[in-house]
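Student: Kindly generate the corresponding structure for this input.
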Amino acid sequence: MGNTNGNDKYKAKIFDIRTGLNVVLFNEKEAVESDMFPGDRVNIISDHGSTVAMVDVTKTMVDPGEIVFFLDVAEEIHVKKGEKVRVTPAGRSPAVELIKKKMDGGSLNYAEIKNIIDDLMDKKLSDVELASFIASVYIRGLNSEETVGLTKAVVESGETLQLPSSAKPIVDKHCTGGVAGNRTTMLIVPIMAASGLYMPKTSSRSITSAAGTADTMEVLCDVELRLDEMRDIVMKSKGCIVWGGSMNLAAADDKLIRIRHPLSLDPTGVMVASVLAKKKSVGADYVTIDIPVGRGAKIQSTQHANELAKQFINVSGKLGMKTEVFITYGRDPVGKGIGPSLECMDVLKALQGNGPGDLVEKSCRLAGALLELCGKTPKGKGYASAVNTLKSGKAYEKFKEIIELQGGNPEVKASDLPLGKYRHVVKAEKDGRIHLIDNHAVNRLARAAGSPKSKGAGVLLNIETGDKVKKGQVLFEIISESEAKLGQAVKLLDKYETAEFEKVILGKMGEAGVFQWKPKGTC
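Tutor: As a prediction, the model looks like this:
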């Protein structure tokens, strides 16, 4: 691209559309005359900022001398309609050669990986180039040093939570996901904070499940906080549960996820870096990681889970964090409610002493591991300590404190939470025993009913794996805030013929297992 006609200033025209891409449009004839072609990179310089964008062209939508901005780019550099901007060639990013190096099977050092992440943040790489990077890592893999380098580069791409040295130790946890209703974070955070440990927890929203932790916590209080607000809350209460996407922590991670998601590419090294970068960005010293395994969970084989566990232990150690990994049974939902309000009900009941046993058990196991890992309790005493903190009401009082600091009503009761008024009850068609409640099927039904956007939508389970059921007994209810959405969920349910439905809900159960990985030096 050479701008051979000498025109490097264009009048801004803005389309009220968000594309999620750094793309600008030029008049096709003028672009050709200026030696600009689709896919070229250009520097866009306004009076208020600059960015790198990709060129696209149109015959009719742009007049000569104009440049079309979509809202994403226009807002980034604060350009207004009619304003003159300067356009110059940007050339190809040097990071492209590094991506090709990885595609050819070479290893990348920290500086090279940081170069790629820096160019990602500066929007100097196209989606095709970024997808090539993810694909190369998926095929070639990342060695331990590359994973450490990627984690550091992702941490450095955004801000970090800076707590005073007195705010120690800092603990954190993560679940690799896929298990419906698995809201252990909302119990673990108050247990840890009530035990005197600092736990600044950033959580995600749902992508494909019925609800993420942030979606569920949002029923009770604000989760979209600034970093300074998060810091103030943690210093007052020792804990918080906020949406990580509202902050600039490990900023490159969200951009990498956007590239990975459409093709469901989740290279092991990138997953490890993604998780640990978020933990490192909040200053975590000790981490527990839950890897549920089984049909419907994100990780479906123990071999993959073991590989992940080893990498989490190894990489986190090189980053100065001590991590313990649990490989858990992940074929069934945890708790009774699937959907934001329903899951909140389980959490509030558990904190008050009458919640689902599986949710309480798993939460206290993970909380107990953290208590032992950081030396707060002696080996073998962590679980009992977590249970005591829960049963004593201390965790509930701490949870109410966190809710209030995050702008919610600390006295809210489970019965106060919004639930949809439209219901569809599913009953057993014959006597039998429940061998499996499929995570994927339950999540699909809850999402069809409107979850997580509709907080009061979801699925309420009335049975657990192993239960005997009689013909006519209620198995579960589908709940929706919309009659139309409920109809969509029922249609989805009706797609299962009787035999197929029994395979999904009453399938043969495999053996459950829990495997534990500990860092070196831990008994």
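Student: partner strands of the helix or strand in which residue 460 is found, parallel or antiparallel?
Tutor: Using DSSP states H and E, residue 460 maps to strand 458-461. Sheet pairing here is set by DSSP bridges, and for strand 458-461 it gives strand 337-338 (antiparallel), strand 474-480 (antiparallel).
Student: Just give the nearest non-adjacent residue to residue 144, would you?
Tutor: Distances taken as C-beta to C-beta, 6 or more residues apart in numbering place residue 314 nearest to residue 144, at 5.8 Å, with adjacent residues excluded. Glycine gets a C-beta too; all of them are placed from N, C-alpha and C.
Student: Go through the helix or strand harbouring the one you found and flag the buried ones.
Tutor: When secondary structure is defined by DSSP H and E, residue 314 falls within helix 302-318. When neighbours are counted by 16 or more other C-beta atoms under 10 Å, the buried residues of helix 302-318 are found to be 304-306, 308-309, 311-316.
Student: Who are the packing partners of whichever helix or strand comes after it?
Tutor: Following helix 302-318 in sequence order, the next helix or strand is strand 322-329 (DSSP H and E). On a contact count with 3 or more C-beta pairs under 8 Å, 6 or more residues apart in numbering; DSSP states H and E, strand 322-329 meets strand 286-293, helix 302-318, helix 357-373, strand 515-517.
Student: can you tell which of these is closest to residue 439?
Tutor: Of all the helices and strands packed on strand 322-329, strand 286-293 sits nearest to residue 439, with 8.7 Å by C-beta to C-beta.
Student: got the angle between that closest one and helix 357-373?
Tutor: Interaxial angle of strand 286-293 relative to helix 357-373 (axes from the mean of the first three to the mean of the last three C-alpha atoms, to 10 degrees): 140 degrees.
Student: can you state the direction angle for strand 286-293 and helix 302-318?
Tutor: 170 degrees.
Student: Just the CA trace of strand 286-293, in PDB.
Tutor: Once non-C-alpha atoms are left out, strand 286-293 reads as follows in PDB (Å, rounded to 0.1, in the frame of the first residue of the first chain):
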ATOM      1  CA  TYR A 286      -2.100 -20.300  46.900                       C
ATOM      2  CA  VAL A 287      -4.600 -21.800  44.500                       C
ATOM      3  CA  THR A 288      -6.900 -24.800  44.300                       C
ATOM      4  CA  ILE A 289      -8.100 -26.000  41.000                       C
ATOM      5  CA  ASP A 290     -11.100 -28.200  40.400                       C
ATOM      6  CA  ILE A 291     -11.100 -30.300  37.200                       C
ATOM      7  CA  PRO A 292     -14.400 -32.100  36.800                       C
ATOM      8  CA  VAL A 293     -14.200 -35.000  34.500                       C
END
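Student: Tell me who's in contact with residue 88.
Tutor: Counting by C-beta atoms under 8 Å, 6 or more residues apart in numbering, residue 88 makes contact with 3, 8, 42-43, 45.
Student: Break this structure down into its structural domains.
Tutor: 9-89, 95-141, 171-247+270-413, 419-505 (automatic domain parsing).
Student: so which of these is the most packed in?
Tutor: domain 171-247+270-413 (a mean of 22; mean count of other C-beta atoms under 10 Å).
Student: quick one: terminal-to-terminal distance for that one?
Tutor: Domain 171-247+270-413 stretches 28 Å from its first residue to its last (C-alpha to C-alpha, to the nearest Å).
Student: now swap in stretch 412-423 and tell me
Tutor: Start-to-end span of stretch 412-423 (C-alpha to C-alpha) is 24 Å.
Student: coming back round to it: state the mean pLDDT of the strand holding residue 460.
Tutor: Mean per-residue pLDDT for strand 458-461: 96.
Student: Same question for stretch 272-292.
Tutor: 96.
Student: can you pull out the strands in the stretch 101-250 of the chain?
Tutor: For the stretch 101-250 of the chain, the strands defined by DSSP state E, counting those that start in this stretch cover 171-175, 199-203, 239-243.
Student: which residues are in contact with the first one?
Tutor: This points to strand 171-175. So strand 171-175 is contacted by 182, 184-185, 188, 192, 197-201, 275, 278-279, 282, 284-292, 366, 370, 373-374 (C-beta under 8 Å, 6+ apart).
Student: Remind me which helix or strand the closest residue to residue 141 other than its chain neighbours belongs to.
Tutor: What sits nearest to residue 141 in space, not counting adjacent residues and going by C-beta to C-beta, 6+ apart, is residue 269, at 6.3 Å. If you go by DSSP H and E, residue 269 is part of helix 268-281.
Student: Pull the distance from that helix to the chain's centre.
Tutor: Computed by C-alpha atoms, centre = their mean, to the nearest Å, the chain-centroid distance of helix 268-281 equals 11 Å.
Student: other SSEs contacting that helix?
Tutor: helix 127-140, helix 144-156, strand 171-175, helix 251-260, strand 286-293, helix 302-318.
Student: what residues does that helix touch?
Tutor: With C-beta under 8 Å, 6+ apart as the criterion, helix 268-281 contacts 134, 137, 141-143, 146-147, 150-151, 154-155, 158-161, 172, 174, 176, 202, 244, 249-250, 253, 256-257, 260, 287, 289, 304, 307-308, 311-312, 315-316, 319, 321.
Student: Give me the next element, helix or strand, following the strand holding residue 460.
Tutor: strand 468-469.
Student: For the stretch 101-250 of the chain, give me the ranges with low pLDDT.
Tutor: Of all residues in the stretch 101-250 of the chain, none has pLDDT under 70.
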